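Student: what follows is a protein structure lacking sequence information:
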């Protein structure tokens, strides 16, 4: 892995692609080293985030989680390519991944990021109660960034068909109003 990272330092596109491919390796050490190498390269502005984004839909949950973690580390806040890619994964089968995705979205979002708000609102409607709780916490982060539509958009879900969703919103609104 150090040899690939050294080549990547010099900016060779094939090595960057190879390192991106290693993010999906079955070995956890190789995956972590690959992300570490990409962090070095992206911080120097020599690579796009496409190799990491590609792993958000990997069949392995640890790979998807690592890709999400890497994007939070690498991407500039408000990077629309990244927030769109992350947002497209909100339907993931794993509640653990959906929770991580919601936290990541709140961190990646820029002020008044409509895409991030939409994804977090979907999280409020999740069938898993813990995912809904994480969505509330993530919305609090967004409100703290000055997002103005959070409270009104969340309030609109008080008429949701699912009683559990209405309950989650009713509990969350006082906290959202307090922060906002």
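Tutor: Thanks, I have it. All values reported here derive from a predicted model rather than from experimental measurement.

Student: so where's this structure uncertain?
Tutor: Regions of the chain meeting the criterion pLDDT under 70 cover residues 1-16, 39-47, 146-147, 180.

Student: tell me which stretches of it form strands.
Tutor: Counting by DSSP state E, one finds no strands in the chain.

Student: spit out the contact partners of residue 51.
Tutor: 16-17, 19-21, 23, 38 (C-beta atoms under 8 Å, 6 or more residues apart in numbering). Where C-beta positions appear, they are placed from N, C-alpha and C, glycine not excepted.

Student: how does it look with 7 Å?
Tutor: Counting by C-beta atoms under 7 Å, 6 or more residues apart in numbering, residue 51 makes contact with 16-17, 20, 23, 38.

Student: ok, residue 65 next?
Tutor: Contacts of residue 65 by C-beta under 7 Å, 6+ apart are 97, 100.

Student: what do you get for residue 174?
Tutor: Residue 174 neighbours (C-beta under 7 Å, 6+ apart): none.

Student: how near is it to residue 158?
Tutor: 13 Å (C-beta to C-beta, to the nearest Å).

Student: repeat for residue 69
Tutor: From residue 69 to residue 158 the distance is 34 Å (C-beta to C-beta).

Student: more neighbours, those two?
Tutor: Between residue 69 and residue 158, counted using other C-beta atoms under 10 Å, the more crowded position is residue 69 (15 against 12).
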